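A.B. asks: got a predicted structure here, sequence first:
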Amino acid sequence: MKHRMVFSLLMSFVLTFFMSAWVTYLNVGMIEDFVIFWMHDWFLAWPVAAVISFVSGPRLHAFSNTLIKPKG
């Protein structure tokens with residue numbers, strides 16, 4: 001459980017950090033206050049992504065194992 005929580009926090013941190021930068025850039029461009037907009041968006045996205053990652057992680061892990069499981 002502890003590993004799952006830490007993994008969810010770290011994975012959601014990295015993913016939302018870069019994705020929020022990309023989406024903010026697409027929405028407003030490289031403006032003077034870009035970092036302020038980006039950090040605001042990231043601050044809102046990270047907790048949501050962490051919860052989603054924690055809740056859906058085990059099911060997605062099992063599903064990915066099913067997808068790559070050799071047939072036979």
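C.D. replies: Received it, and whenever you're ready, just let me know what you need. Keep in mind the model is a prediction, meaning the values are calculated, not measured.

A.B. asks: where in this protein is pLDDT low?
C.D. replies: Across the chain, residues meeting the criterion (pLDDT under 70) sit at 72.

A.B. asks: for the top helix by length along the chain, packing partners?
C.D. replies: Longest helix of the chain, by residue count under DSSP state H: helix 34-68. Helix 34-68 sits against helix 2-28, with contacts defined as 3 or more Cβ pairs under 8 Å, 6 or more residues apart in numbering; DSSP states H and E. For the C-beta atoms, the positions are set from N, CA and C on the backbone; glycine is no exception.

A.B. asks: burial measure for Phe37, as a count.
C.D. replies: 16 (other Cβ atoms under 10 Å).

A.B. asks: my read: it touches Val28, true?
C.D. replies: Yes: using Cβ atoms under 8 Å, Phe37 makes contact with Val28 at a distance of 5.7 Å.

A.B. asks: relative to helix 2-28, how tilted is the longest helix of the chain?
C.D. replies: For helix 34-68 against helix 2-28, the angle by axes from the mean of the first three to the mean of the last three Cα atoms, to 10 degrees is 130 degrees.

A.B. asks: go through helix 34-68 and flag the buried ones.
C.D. replies: Buried residues in helix 34-68, defined by neighbour count with 16 or more other Cβ atoms under 10 Å: Phe37, Trp38, Asp41, Trp42, Ala45, Trp46, Ala49, Ala50, Ser53, Phe54, Gly57.

A.B. asks: ok, the residue nearest to the first one when sequence neighbours are not counted to Ile36 distance?
C.D. replies: To tie it back to what came earlier, the one meant is Phe37. If the residues on either side of it in the chain are set aside, Phe37 comes closest to Thr24, at 5.2 Å by Cβ to Cβ, 6 or more residues apart in numbering. From Thr24 across to Ile36, the span is 10 Å (Cβ to Cβ, to the nearest Å).

A.B. asks: now Glu32: phi and psi?
C.D. replies: Main-chain torsions, Glu32, degrees, to the nearest 10: phi -60, psi -40.

A.B. asks: burial check on it, number of neighbours?
C.D. replies: Residues lying near Glu32 (other Cβ under 10 Å) number 6.
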